[in-house]
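[1] I'll drop the sequence and a predicted model, then ask my questions.
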Amino acid sequence: MKSYDPDKPIDPQAWLALDEDEQTRLVKQYHRKSRIKLPNAEIHAAIHVAVENQIAMGDERPVEKTLHRLMSEGLDRHDAIHCIASVLAEYMFDLLLGTGEDAEIGEEYFAQLEVLDAQEWLRSFDE
């Protein structure tokens, strides 16, 4: 895999065959070439990689299903990744603070993905 474009589906096997450093490099390269200004490119890329890895796992996790649902609700693939990433980042933050669920990783996160709504996520930018 020589490049990454969040608006195009990834080849799960090719993506998962890359090590995390290479995945991160590709994500950062995409954003740099697209001239997308980010407050922290490293953290942004890390969250992108985490979501893409979960998508690449397919039915192992409900993330791919959520991605497709969000796209059917009107988001492009890149925005759908950001929408999922917003839930993942909040979940990780809660875990770091000790306020999140300490059960099997993901139960609370996956439950939040089930109710994630594209239009509600878009409206959050207006607030």
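    Okay, I see it. Numbers count the residues shown, from 1 in each chain.

[2] residue boundaries of the helices in this structure?
    Counting by DSSP state H, the chain has helices at residues 12-17, 20-33, 41-56, 63-72, 77-97, 107-115, 118-123.

[3] N53: neighbour count?
    Burial of N53, expressed as a neighbour count using other C-beta atoms under 10 Å, amounts to 18. Quick note: C-beta positions are derived from backbone N, CA and C, even for glycine.

[4] In contact with it, which residues?
    Shown in contact with N53 (C-beta atoms under 8 Å, 6 or more residues apart in numbering): W15, L16, Q23.

[5] How about the contacts made by the last one?
    Read it as Q23. The contact partners of Q23, by C-beta under 8 Å, 6+ apart, come to Y4, W15, V49, E52, N53.

[6] Rebuild the helices of the chain as JSON lines, extending it with mean pLDDT.
    JSON lines is the format used below for the helices of the chain (pLDDT from 0 to 100):
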{"stretch": "helix 12-17", "mean pLDDT": "97"}
{"stretch": "helix 20-33", "mean pLDDT": "97"}
{"stretch": "helix 41-56", "mean pLDDT": "96"}
{"stretch": "helix 63-72", "mean pLDDT": "97"}
{"stretch": "helix 77-97", "mean pLDDT": "91"}
{"stretch": "helix 107-115", "mean pLDDT": "91"}
{"stretch": "helix 118-123", "mean pLDDT": "95"}
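
[7] How much space separates the residue nearest to S3 when sequence neighbours are not counted from C83?
    Spatially, and ignoring its direct neighbours in sequence, S3 is nearest to L26 (6.5 Å; C-beta to C-beta, 6 or more residues apart in numbering). Computed with C-beta to C-beta, to the nearest Å, the distance linking L26 and C83 is 21 Å.

[8] Neighbour count: the two, which is higher?
    When neighbours are counted by other C-beta under 10 Å, C83 comes out ahead of the other of L26 and C83, with 24 against 21.

[9] Correct me if wrong: that one contacts W121.
    Yes. Using C-beta atoms under 8 Å, C83 is in contact with W121, at 4.6 Å.
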